[in-house]
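1. I would like the atomic coordinates for the input below:
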Amino acid sequence: MTAAPIYLDYCATTPCDPRVVQGMLPYFTSRFGNTASRDHSFGWMAKEATELAREQVAALVQASARQIVFTSGATEALNLALKGLVEAHPQKGKHIITAKTEHRAVLDTCNWLQEQGCSVTLLDVGADGRIDPGDVEQAIRKDTLCVALMYANNETGVVHPVGEIGAITSKHNVYFVCDATQAVGKVPVSVTENKIDLMAFSAHKLYGPMGVGALYVSHANRMLQQQHGGAHERSMRSGTLNTPGIVGFGMAADICRQEMAAEAKRLRQLRNRLESELQHLVPGTEVNGKGPRLPHVSNILFPGIDNEQLLLAVSGKLALSRGSACSGLVQQPSHVLLAMGLTPEETRRAVRISLGRFTTEEEINMAVTVLSSAVRELQQINAQV
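-> Next up, the predicted model:
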């Protein structure tokens with residue numbers, strides 16, 4: 001049997017931790033109850049399990065359990081946050097501030113809201129990929145409802161100055177909506193310290209199951225539900241809860257809370273060595289995104305190659321990506337890299353490499369060998385064309 005490729009696309013999704021899988025299994029079979037069934041023990045057990053998971057998820061981001069609303073994922077959570085805020089606060093204004101490098105879950109939602117009459121300001125980022133807090137403050141108007149900015153970028157791993165942004169939104173009495181999907185479980189995230197009002201994240205990015213996410217909702221804020229059909233989740237999100245998924249989310253969050261620091265240190269060392277060795281073996285190689293970054297993410301530009309050709313050439317041995325897994329079926333130049341000042345041609349030379357819990361030193365050694373060899377071979381071929 002042919003060996004599976006080495007998986008280095010942990011930003012797209014993570015494998016479910018075996019410990020999480022074991023914890024979820026009873027809730028598919030013997031403990032299959034509906035959390036809304038209040039008349040028997042099957043429902044009581046399911047309810048108890050989801051409330052424990054709510055506490056575990058809340059603890060990971062330094063929130064209280066009542067501030068966590070379970071959703072189907074971060075995309076739904078962001079839709080709920082942005083649309084729910086706009087509908088709940090018509091008197092406050094309809095101006096939203098976001099950035100050109102946000103995930104499509106934010107950008108597409110803002111585009112839809114713009115069609116409904118909202119005004120949207122798209123902030124630029126620097127060549128390092130970071131938001132300037134001064135630009136955020138300068139963009140705030142009397143009718144600004146919220147600032148929607150991510151914690152860390154999903155293509156470059158660049159971490160934004162979230163604490164400074166939260167201080168600015170708090171000072172101006174503007175809601176701060178944060179997409180922390182890539183950051184939660186990888187680096188310490190505190191909703192209270194960063195003055196975040198609503199924050200979305202997802203289980204499958206932190207070694208939990210797909211199909212479950214969360215929206216943190218601060219006590220001080222009110223929004224209107226977008227999904228009707230019951231009073232689930234304190235009337236903020238109707239629908240039968242995904243009990244096995246939520247149990248897995250809670251377990252994954254608890255494991256991250258306990259192991260995150262050691263894991264981040266190990267992955268940062270592997271990532272840094274990967275980058276330095278590739279830069280040594282392939283002259284002209286550049287890392288996109290400077291300053292604070294997530295410990296496991298690297299966006300690398302290789303000179304003289306096309307990223308689609310490269311990924312096809314290594315696909316039997318390495319699983320990498322050109323960027324976000326949510327960019328659509330038609331591959332376009334990365335909007336993140338374009339916003340950082342790269343040309344369309346330069347974006348087509350970049351690949352995203354993201355490490356994870358199950359990445360080994362041996363796999364990194366193999367990745368360096370395979371990538372450097374493939375890049376040099378493609379450079380020679382392209383030079384002859």
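
2. Now stretch 99-117: average pLDDT?
-> Here stretch 99-117 scores 97 as its mean pLDDT.

3. pull the helix or strand with minimum mean pLDDT from the chain.
-> Across the helices and strands of the chain, the lowest-confidence element by mean pLDDT, DSSP states H and E is helix 232-235, at a mean of 68.

4. Which stretches in the protein count as helices?
-> 18-24, 41-60, 74-88, 104-115, 133-139, 162-171, 232-235, 243-281, 307-314, 335-339, 344-347, 361-384 (DSSP state H).

5. Please state the offset of the third one from the chain centre?
-> Okay, so that is helix 74-88. 16 Å (C-alpha atoms, centre = their mean, to the nearest Å).

6. Can you give me the buried ones in that helix?
-> With burial defined by 16 or more other C-beta atoms under 10 Å, the residues of helix 74-88 counted as buried are 74-86. C-beta coordinates here come from the backbone N, C-alpha and C atoms, glycine included.

7. okay, the helices of the chain in a markdown table with distance to V125 next?
-> Shown next, in a markdown table, are the helices of the chain (distance: least, C-beta to C-beta, whole Å):
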| stretch | distance to V125 |
| --- | --- |
| helix 18-24 | 35 |
| helix 41-60 | 27 |
| helix 74-88 | 19 |
| helix 104-115 | 14 |
| helix 133-139 | 9 |
| helix 162-171 | 13 |
| helix 232-235 | 34 |
| helix 243-281 | 21 |
| helix 307-314 | 21 |
| helix 335-339 | 5 |
| helix 344-347 | 15 |
| helix 361-384 | 27 |
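
8. Any idea which of those helices gets closest to V189?
-> Set against V189 and scored by C-beta to C-beta, these come closest in helix 41-60, at 7.5 Å.

9. now the closest one, how far from the chain's geometric center?
-> Here the centre of helix 41-60 is set off from its chain's centre by 24 Å, with C-alpha atoms, centre = their mean.

10. Could you list the residues in contact with it?
-> 27, 31-38, 64-65, 67-68, 70, 184-185, 189, 214, 216, 241, 243, 246-247, 249-251, 253-254, 256-257 (C-beta atoms under 8 Å, 6 or more residues apart in numbering).

11. And for stretch 243-258?
-> So stretch 243-258 is in contact with 16-17, 19-21, 23-24, 27-28, 31-35, 46, 49-50, 52-57, 59-60, 70, 184-186, 203, 206-214, going by C-beta under 8 Å, 6+ apart.

12. Looking at the buried residues of helix 74-88, spot the one nearest G163.
-> Nearest to G163 among the buried residues of helix 74-88 is A81, at 19.7 Å by C-beta to C-beta.

13. per-residue pLDDT, that closest one?
-> 96.

14. swap in E164?
-> The confidence metric pLDDT takes the value 98 at E164.

15. Hmm, G134 and it touching each other?
-> No. E164 lies out of contact with G134 (C-beta atoms under 8 Å); the separation is 9.2 Å.

16. When those two are compared, which one has more neighbours?
-> Neighbours were counted for E164 and for G134 using other C-beta atoms under 10 Å; E164 has more, 15 against 10.

17. What distance do you get for the more buried one to V147?
-> Noted for E164: a distance of 12 Å to V147, by C-beta to C-beta, to the nearest Å.

18. now E346
-> To V147, E346 is 29 Å away according to C-beta to C-beta.

19. ok, these two, which is more surrounded?
-> More neighbours surround V147 than the other of E346 and V147, with 28 against 18 (other C-beta under 10 Å).

20. isn't that one right up against I165?
-> Yes. Between V147 and I165 a contact is recorded at 6.6 Å, counting by C-beta under 8 Å.

21. what touches both of those two?
-> With C-beta under 8 Å, 6+ apart as the test, V147 and I165 both reach 136, 176.

22. residue ranges with poor pLDDT in the protein?
-> For the chain, applying pLDDT under 70 flags the ranges 1-2, 220, 226, 229-231, 233, 235, 238, 324-331, 385.

23. tell me the domain ranges of it?
-> Domain assignment for the chain, taken from automatic domain parsing, gives 6-13+260-384, 18-255.

24. out of the ones you listed, deepest packed?
-> domain 18-255 (a mean of 20; mean count of other C-beta atoms under 10 Å).

25. measure that domain end to end?
-> Its start and end residues considered, domain 18-255 measures 11 Å (C-alpha to C-alpha, to the nearest Å).

26. likewise stretch 112-120?
-> Stretch 112-120: ends 10 Å apart by C-alpha to C-alpha.

27. same check, this time on stretch 90-101
-> OK, stretch 90-101 end separation, C-alpha to C-alpha: 27 Å.

28. Kindly report the same for stretch 345-365.
-> OK, stretch 345-365 end separation, C-alpha to C-alpha: 29 Å.
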